[in-house]
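*Asks:* Provide a 3D model corresponding to the input given below.
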Amino acid sequence: MIDTNKYKKILETELKKLEGELGTVAQKNPSVKNDWQPIATNLEDADDESDSNDNADKIEEFETNVAITEQLETRFDEIKDALKRITDGTYGKCVVGGEDIPEERLDANPAAKTCIKHS
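*Replies:* Have a look, this model is predicted:
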């Protein structure tokens, strides 16, 4: 029998860490529940070459934030889904075939929702 309390603690710790990491590159979208949006960079009109370089750096930083936000948000959603499965009593069962997910797999990825066969 899977110790769901053990995995719940692991998942909650990771969720808190992810939320902190997301907060450095994104903010919660006030218009869409459970959505994060990359932190926008203010671009000013470039009057000289220095401003153009600064704006290019800001654009590059924003693009990096977009990529990081997507990765972190995906994992954040996986963790939230795993916690919901714990609450529902379906944690540790493959969402495709219903078979048990081996503890070794859950130890490696506590948010796993499929067995190896269906991954």
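*Asks:* let me know the pLDDT of residue 1.
*Replies:* On pLDDT, residue 1 comes in at 82.
*Asks:* and for the one 3 residues further on?
*Replies:* The per-residue pLDDT reported for residue 4 equals 96.
*Asks:* show me where pLDDT drops low in this protein?
*Replies:* The chain contains residues with pLDDT under 70 at 42-50.
*Asks:* packing partners of the biggest helix by length in it?
*Replies:* When the chain is parsed with DSSP state H, its longest helix is helix 49-88. Contacts defined by 3 or more CB pairs under 8 Å, 6 or more residues apart in numbering; DSSP states H and E place helix 49-88 against helix 4-25, strand 26-28, strand 36-38. The way it works is simple: take the backbone N, C-alpha and C, and place the C-beta from them, glycine included.
*Asks:* identify, out of the ones you listed, the most deeply packed stretch.
*Replies:* Of all the helices and strands packed on helix 49-88, strand 36-38 has the most neighbours on average by mean count of other CB atoms under 10 Å, namely a mean of 19.
*Asks:* how far does that one sit from the chain's center?
*Replies:* 11 Å (CA atoms, centre = their mean, to the nearest Å).
*Asks:* what helices or strands is it leaning on?
*Replies:* Using 3+ CB pairs under 8 Å, 6+ apart: strand 36-38 touches strand 26-28, helix 49-88.
*Asks:* need the ones you listed in a markdown table with distance to residue 10, can you?
*Replies:* What follows is those, written out as a markdown table (distance: least, CB to CB, whole Å):
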| stretch | distance to residue 10 |
| --- | --- |
| strand 26-28 | 23 |
| helix 49-88 | 10 |
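*Asks:* tell me which of these lies nearest to residue 115.
*Replies:* For residue 115, the closest of the helices and strands packed on strand 36-38 is helix 49-88, at 13.8 Å, according to CB to CB.
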